[in-house]
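> The following block contains a protein sequence and its predicted model.
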Amino acid sequence: MKPSRFKYVKPASLDEAFGLLEQYGDGACVLAGGQSLLAGLGMRLATPEVLVDINGIEGLAGISLQGGEVVIGALTRHVDVLSSRAICRYLPLVAEAITHVGHTAVRNRGTFGGSLAYADPAAELPACAVAYGATIVIGGGSGRRSVSANDFFLGIMETALQPGELILEIRFPMQRDTQRHVFAELSRRHGDFALVGLAGLVSLDDNRRLADARLVYFGCVSHPRLASATSASLIGRPIPLEDLDEIKRCMLQDLDPGDSPGMRSETKLALAAVVTRRQLNALRETCA
Amino acid sequence: MRMSSREPEFEVAVSMVVNGEPVSCRVSARQHLADFLREELSLTGTHLGCEHGVCGACAVRVDGQVVRGCLMLAAQVHGCQVETIEGLSDAGVLADLQEEFLRRNAAQCGFCTAGMLLTSHELIEQGRCVSRSDIREVLSGNLCRCTGYQAIVDAVEAAMTKKVGS
């Protein structure tokens, strides 16, 4: 569990960081919280020439309200998201999901932007970003650009980030009063990686029928994206859900779980249907 | 100070305060904090179990926060205050917890104990009494293969009640 040899540099500004990333190209790895990266380097999953530690750059951490958006700086630690009143009030799905991210010591170091950039298929925060329709603001040597979360995640640990680019901040639209969040995670042990997870936002009409749904699965997909077929199939259905067969058929269009040791893809699909039914039906108890 | 092979290009100069003592030296960029404390400073109370962030035995405090010593590089603590089980124990801040651990045999082989003490101390320092299930939740990132956790939760609960509840 010792990483291979690398150099370590700690730029003090974004311009300096972009210069270093350009200089080293593919040989550079960005070090943010390091809670996944350093474990991965120890296992020699990557052997970078240089680690660019961005923790010395001012202005990349913090949570603020700007217009109708909650803006989370890329270097914001999970522990600060966990204790934020703004997150609790305006992004309750994130507030619930963050309690499932790592353990306390890991949350003291791990960062929001790092979790998104790492794009682990079992990670909670990327799924939340897609569910809210958040915007990822990316910086690079040639300027800033914005990518919607649904277009940011491309595959297993693969994102729209180009070499030399960094996530600067994540802009979330505040959850609307009519929206309710659903979150569930099934894992073999408490705190372990998700086998099947669900992060979603839904709205109910006056007759307790689903008027809108944005469901995102994690753990059982290569990368988080809006489960559009499943979400569309829910519209107009009353809570509690009665017939799940059509919803399960739609799930086949949205989910692509492969077989993994000890668990077949069919099992993951069945579990995804279970958490979907369980979480949506639980809305009944909390209906106003 | 021991450094197996000198490769200046892959080293970083660091200055930090460890358990109240200033330390300045060059470290290998790839050396993680737990290895640095154990091998360069002979502070072997910080243990290494899994070395990839799962077991919690390598817990140390950096600028007052408990972190995984295996998931931080020594190079990253430049300018930081680092506290290990040795320093915190000598300073007496863990005395109540240690007493409760001893009383209940919550340390058997002792491998996880430093991590358990630091993690539970951070919880107690928050200054509120929490439920046993909350204690378990906080300690869920620290693995113990001997005790079955019951005695550890008992000890943390007792120390917490003594500090906060009375």
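Received, thanks.

> Point out the residues in chain B that sit beside chain A.
Chain B comes close to chain A at residues B:7, B:9-10, B:12, B:28-30, B:32, B:35, B:50-53, B:56, B:59, B:65-68, B:70-73, B:75-76, B:78, B:119, B:122-123, B:138, B:140-142, as judged by C-beta under 8 Å from any C-beta of the partner chain. (Each C-beta comes from the backbone N, C-alpha and C, glycine too.)

> Could you turn the buried ones of these into a ChimeraX selection?
Command for ChimeraX that selects the buried part of those, burial taken from 16 or more other C-beta atoms under 10 Å in any protein chain shown:
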select /B:10,12,28,29,30,32,35,50,51,52,53,56,59,66,67,68,70,71,72,73,75,76,78,119,122,123,138,140,141,142
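
> According to the record, where do the domains of chain A fall?
Following automatic domain parsing, chain A resolves into domains at A:7-56, A:63-173, A:179-286.

> The second one and chain B in contact?
Yes. Where contact is defined by C-beta under 8 Å from any C-beta, part of domain A:63-173 touches chain B, namely A:79, A:102, A:103, A:104, A:105, A:106, A:108, A:109.

> Can I get those residues in JSON lines including secondary structure, distance to residue A:43 and neighbour count?
Compiled in JSON lines, the residues of domain A:63-173 next to chain B are given as follows (DSSP: H, G, I helix; E, B strand; the rest coil; distance: C-beta to C-beta, whole Å; neighbours: other C-beta atoms under 10 Å in any protein chain shown):
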{"residue": "A:79", "secondary structure": "helix", "distance to residue A:43": "25", "neighbour count": "19"}
{"residue": "A:102", "secondary structure": "coil", "distance to residue A:43": "17", "neighbour count": "23"}
{"residue": "A:103", "secondary structure": "coil", "distance to residue A:43": "19", "neighbour count": "22"}
{"residue": "A:104", "secondary structure": "helix", "distance to residue A:43": "23", "neighbour count": "23"}
{"residue": "A:105", "secondary structure": "helix", "distance to residue A:43": "19", "neighbour count": "29"}
{"residue": "A:106", "secondary structure": "helix", "distance to residue A:43": "17", "neighbour count": "23"}
{"residue": "A:108", "secondary structure": "coil", "distance to residue A:43": "22", "neighbour count": "23"}
{"residue": "A:109", "secondary structure": "coil", "distance to residue A:43": "18", "neighbour count": "26"}
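
> Which one of the residues you listed is nearest to chain B?
The nearest member of the residues of domain A:63-173 next to chain B to chain B, counting by C-beta to the nearest C-beta, is residue A:103 at 2.5 Å.

> wait, that closest one sits on residue B:55?
No. Counting by C-beta atoms under 8 Å, residue A:103 does not reach residue B:55; the two are 10.5 Å apart.

> who touches both of the two?
Common contact partners of residue A:103 and residue B:55 (C-beta atoms under 8 Å, 6 or more residues apart in numbering or on different chains): residue B:142.

> thinking again about what came up before, among the residues of chain B next to chain A, name the ones in helices.
Applying DSSP state H to the residues of chain B next to chain A, the entries found in helices are B:35, B:119, B:122, B:123, B:138.

> just those residues now: which is nearest chain A?
Distances from chain A to those, taken by C-beta to the nearest C-beta, are shortest for residue B:138, at 5.7 Å.

> Setting the sequence-adjacent residues aside, check what's closest to that closest one.
residue B:123 (4.8 Å; C-beta to C-beta, 6 or more residues apart in numbering or on different chains).

> pLDDT (mean, whole number) over whatever helix or strand residue A:71 lives in?
Secondary structure assignment for residue A:71, by DSSP states H and E: strand A:69-73. Predicted confidence along strand A:69-73 averages 98 (mean pLDDT).

> Spit out the contact partners of the residue nearest to residue B:138.
Residues A:104, B:130, B:135, B:138, B:156, B:160 are the ones in contact with residue B:123 under the rule C-beta under 8 Å, 6+ apart.
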